[in-house]
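Participant: Output the structure for:
(one chain, ligands or ions: 1)
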Amino acid sequence: MKILVTDSLDHAALSRLRAAGHEVVELPGLQGEALIGALVECRALVIRGGTRVTSEVLRGSPSLRVVVRAGSGLDNVDQAAARRQGVAVFNTPAANAVSVAELVFGLLLALERRIAGAFASLRGGAWEKFHFMGRELSGRRLSLIGFGRIGREVALRARAFEMRVSACDPLVAAWPAGFTWVERVTLEGALERADVLSLHVPLGPETRGLIGPSEFASMPQGAVLVNVARGGLVDEPALLDALIRGHLSGAALDVFSTEPPGSHPLFDLPNVVATPHLGASTLEAQRRAGEEAATAVIEALAALES
Ligand code: 3PG
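Facilitator: Numbers count the residues shown, from 1 in each chain. Okay, here's the model as predicted:
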């Protein structure tokens, strides 16, 4: 069967799909009408976060039966429209949890030890040893908003850094075994005790703009924000204001409300460290996501044939 792939996918996954007898067409970067045009006769579409599967795309693609997102976030897929059109949607929610959690600490350490600025200064020929004073993570209070797969991986690593971890997640009915050392708190409780606030919830109607002016005001003076989840969770003008006023001492960001963000006022601040949505950009995460995505496509197409 014909499969369209519109975001970069691990090569082993593409080979597996072809070895299973499918015709795989790689056309990265398609959106809207161009995507609809490329989907003619396709039974499956494999994407990452770059392709928007809107209700128009779904309505315009009657042969499409399966959408597989190699990765976790499904905010770029209109799932209600997919249900209406009878299109099955799969993701690979576990594939990148470790990579995302590791990036949290990469960014947090870069922010708190001022690594990017120090390297830029060194590269410029300076030796500003006393200018780049940092802060330890040990003993600081980390509040996690969202305690699913990624939140838990972050908690495990925070424990190794001797941080004091609390988490808020109304969707977790029973607190997971082995995590009794993570204090369960409400959103208000998480904000109040956050020396470091890290977001690990999906973007949807209930979470868009979750962290805005009043949430920043509830955080302690000098707190920092880490967002490797979705830019839309945070009111960016409010974040900018909190950073400029010095209420927050820094922000570490991998995601933005619009991606790519172009030149963003947050990037002009010395207390911001940012990366271009690299959470899942490791060989390991991409191998796992590709492998799981290929399995999902092959199984879903086999079920269509039977
Ligand atoms: C995800 O939702 O899986 C991550 O944000 C990574 O997204 P990407 O696959 O588009 O890099």
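
Participant: Looking at the stretch 201-306 of the chain, which residue is nearest the ligand?
Facilitator: Taking CB to the nearest ligand atom as the measure, the stretch 201-306 of the chain has Ala280 as its residue closest to the ligand, at 3.6 Å. The C-beta positions use only the backbone N, C-alpha and C, and glycine is treated the same way.

Participant: Spit out the contact partners of the residue nearest to Ala110 when sequence neighbours are not counted.
Facilitator: Distance criterion CB to CB, 6 or more residues apart in numbering; nearest residue to Ala110, sequence neighbours excluded, is Val273 at 4.8 Å. By CB atoms under 8 Å, 6 or more residues apart in numbering, Val273 lies in contact with 107, 110-111, 115-116, 250-253.

Participant: Make TSV from those residues and add neighbour count and distance to Gly209 to it.
Facilitator: What follows is the contacts of Val273, written out as TSV (neighbours: other CB atoms under 10 Å; distance: CB to CB, whole Å):
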residue	neighbour count	distance to Gly209
Leu107	26	22
Ala110	19	26
Leu111	26	23
Ile115	16	30
Ala116	16	28
Gly250	22	21
Ala251	25	16
Ala252	26	20
Leu253	24	16
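
Participant: Among the residues you listed, which ones are in helices?
Facilitator: Taking DSSP state H, the ones among these that sit in helices are 107, 110-111, 115-116.

Participant: Model confidence for Glu305, exactly?
Facilitator: Listed pLDDT for Glu305 reads 87.

Participant: picking up where we left off before, in what helix or strand does the residue nearest to Ala110 lie?
Facilitator: Using DSSP states H and E, Val273 maps to strand 272-274.

Participant: what does the helix or strand that that strand is followed by contact?
Facilitator: Using DSSP H and E, the helix or strand that follows strand 272-274 in sequence is helix 283-305. With contact meaning CB under 8 Å, 6+ apart, helix 283-305 is reached by 1, 3, 9-14, 16-17, 20, 22, 43-44, 46, 48, 65-66, 68-71, 88, 90, 92, 94-96, 98-100, 280.

Participant: What subset of those is buried?
Facilitator: 1, 3, 9-10, 13-14, 16-17, 20, 22, 43-44, 46, 48, 65-66, 68-71, 88, 90, 92, 95-96, 98-100, 280 (16 or more other CB atoms under 10 Å).

Participant: Filter those residues down to just the ones in strands.
Facilitator: When those are checked against strands (DSSP state E), the matches are 3, 44, 46, 66, 68-69, 88, 90.

Participant: my guess is Val185 meets Cys168, correct?
Facilitator: Yes. Counting by CB atoms under 8 Å, Val185 does reach Cys168; the two are 5.2 Å apart.

Participant: shared neighbours, these two?
Facilitator: Common neighbours of Val185 and Cys168, using CB under 8 Å, 6+ apart, are Ser143.

Participant: Quick one: the helices in this structure, in order.
Facilitator: 11-19, 32-38, 55-59, 79-85, 97-112, 115-123, 149-160, 187-192, 213-218, 236-244, 283-305.

Participant: Return the set of buried residues in the shortest one.
Facilitator: Within helix 55-59, the residues scored as buried using 16+ other CB under 10 Å are 57-58.

Participant: could you say what helices and strands that helix packs with?
Facilitator: helix 32-38, helix 79-85 (3 or more CB pairs under 8 Å, 6 or more residues apart in numbering; DSSP states H and E).

Participant: Centre of the chain to it, how far?
Facilitator: Chain-centre distance of helix 55-59: 24 Å, with CA atoms, centre = their mean, to the nearest Å.

Participant: And the contacts of that helix?
Facilitator: 32, 35-36, 39, 64, 78, 80-82, 84-85, 87.

Participant: Just the buried residues from the residues you listed, in PyMOL please.
Facilitator: Selection of buried members from the contacts of helix 55-59 for PyMOL, criterion 16+ other CB under 10 Å:
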select buried, resi 35+36+39+64+78+81+82+85+87
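
Participant: give me the subset of the contacts of helix 55-59 touching the ligand.
Facilitator: Here nothing survives when the contacts of helix 55-59 are matched to the ligand using CB under 6 Å from any ligand atom.

Participant: of the contacts of helix 55-59, closest to Gly189?
Facilitator: Nearest to Gly189 among these, counting by CB to CB, is Ala80 at 32.7 Å.
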